[in-house]
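Colleague: got a sequence here, can you build the structure:
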Amino acid sequence: MIISASRRTDIPSYYSEWFFNRLKDGYAYVRNPMNPHRISEVSLSPDMVDGIVFWTKNPTPMLNRLNELQDYTYYFQFTLTPYGRDIEKNVPSKNDIIIPTFQKLSSQIGKERVVWRYDPILFNDKYTMSYHKKYFRVLCDKLSDYTEKCTISFLDLYKNIQRRIAPLGIHALTSRQAEEVTGCFSEIAKEHNIDIDTCAEEIDLSKFGVGHASCIDGNRFERIGMYKLDIGQDKNQRVACGCVASIDIGAYHTCKNGCVYCYANFNHTLVNDCCKKHNPTSPLLYGEVTAEDIVKPREMKSFRDDQMSLFN
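Modeller: Below you'll find the predicted structure:
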């Protein structure tokens, strides 16, 4: 099975010690978001884990421990945008920390293992069409030697973020604006030998050579790991999502990045409370198992076939 670490929170940035402890112990506990007293015990054994996808804005804390992943096939979904602290409150300096970390990570593990995410694209009086066009090129100039692909998406106006974005005058893109920015990005990306696709966007942008992404990508795992992977689509994601099935080991309301557009960590008080309950030695990302909890092993199997044909 593939492990997602994690769509719900930034494990590399804030919980890397916990994650490496989980690898050492061979399992993690994950609460069911819809039924918190139901806890799954998820195996992290290399024999069971076909691959790991890390989702992050700042994997700096992991850079000196990547050797501990040598028994796993993995890659990073690395979000790097041109937004400032008004949008991504607690993300460190892009120029001083994030871009150098992107470059260093790629240099250590290979650019095929670092997928650049420029998402979500949003507009206001500061972050205009011309702003995005300018800084997408700036970032391409800095990252073209360190990644193969950039995945973009457009802001979704989730109900739970509207109160936070209103004072900033943020608004979603119209279809025409989405086409214009995609057309421009596509041309810039081609100049830099970067492929571009979209994450869970229903709009058809194929006329710009831009298709739909598989962020948890079976083909990428096959290429990196040199094995065949017989795994189906993730039925729990949106219709336009191309991801294959995975198990997420994160938890909502535990990310401290403070991004105003985030649908998964929108209550800062709750985030602070959950983060205070984090124990890097606990099987759970935060909190402890109580008498009311029911812990059951997650049914898992490997979909990996290590016997690759010479013609694959």
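Colleague: and the pLDDT for residue 264?
Modeller: Residue 264 is assigned 86 on the pLDDT scale.
Colleague: same deal with residue 311?
Modeller: Here the pLDDT value assigned to residue 311 is 43.
Colleague: next: residue 89.
Modeller: pLDDT, residue 89: 96.
Colleague: for it, grab phi and psi.
Modeller: Note on residue 89: its backbone torsions stand at phi -50, psi -40 [degrees, to the nearest 10].
Colleague: who's in contact with it?
Modeller: Shown in contact with residue 89 (Cβ atoms under 8 Å, 6 or more residues apart in numbering): 257, 258, 259, 260. All C-beta spots, glycine's among them, are computed from the backbone N, C-alpha and C.
Colleague: likewise for residue 62?
Modeller: Listed by Cβ under 8 Å, 6+ apart, the contact partners of residue 62 are 12, 16, 54.
Colleague: secondary structure element for residue 273?
Modeller: Under the criterion of DSSP states H and E, residue 273 resides in helix 268-276.
Colleague: buried residues in that helix, which are they?
Modeller: 271, 274, 275 (16 or more other Cβ atoms under 10 Å).
Colleague: how much space separates the second one from residue 199?
Modeller: With the distance defined as Cβ to Cβ, to the nearest Å, residue 274 ends up 26 Å from residue 199.
Colleague: repeat that for residue 179.
Modeller: 17 Å.
Colleague: among the two, which residue is more densely surrounded?
Modeller: Shown here are residue 179 and residue 199; by other Cβ atoms under 10 Å, residue 199 has more neighbours (21 against 17).
Colleague: how about the more buried one, nearest residue that isn't a chain neighbour?
Modeller: Nearest non-adjacent residue to residue 199, counting by Cβ to Cβ, 6 or more residues apart in numbering: residue 153, 4.2 Å away.
Colleague: now do residue 225
Modeller: residue 73 (3.6 Å).
Colleague: then residue 25?
Modeller: residue 283 (7.3 Å).
Colleague: doesn't residue 22 make contact with that neighbour?
Modeller: Yes: contact criterion Cβ atoms under 8 Å: residue 283 and residue 22 qualify, at 7.2 Å.
Colleague: pull up the overlap in contacts between the two.
Modeller: Common neighbours of residue 283 and residue 22, using Cβ under 8 Å, 6+ apart, are residue 28.
Colleague: neighbour count for the two, which is higher?
Modeller: Using other Cβ under 10 Å as the criterion, residue 283 and residue 22 rank with residue 22 on top: 25 against 19.
Colleague: the more buried one touches residue 41, doesn't it?
Modeller: No: between residue 22 and residue 41 there is no contact under Cβ under 8 Å: 11.0 Å.
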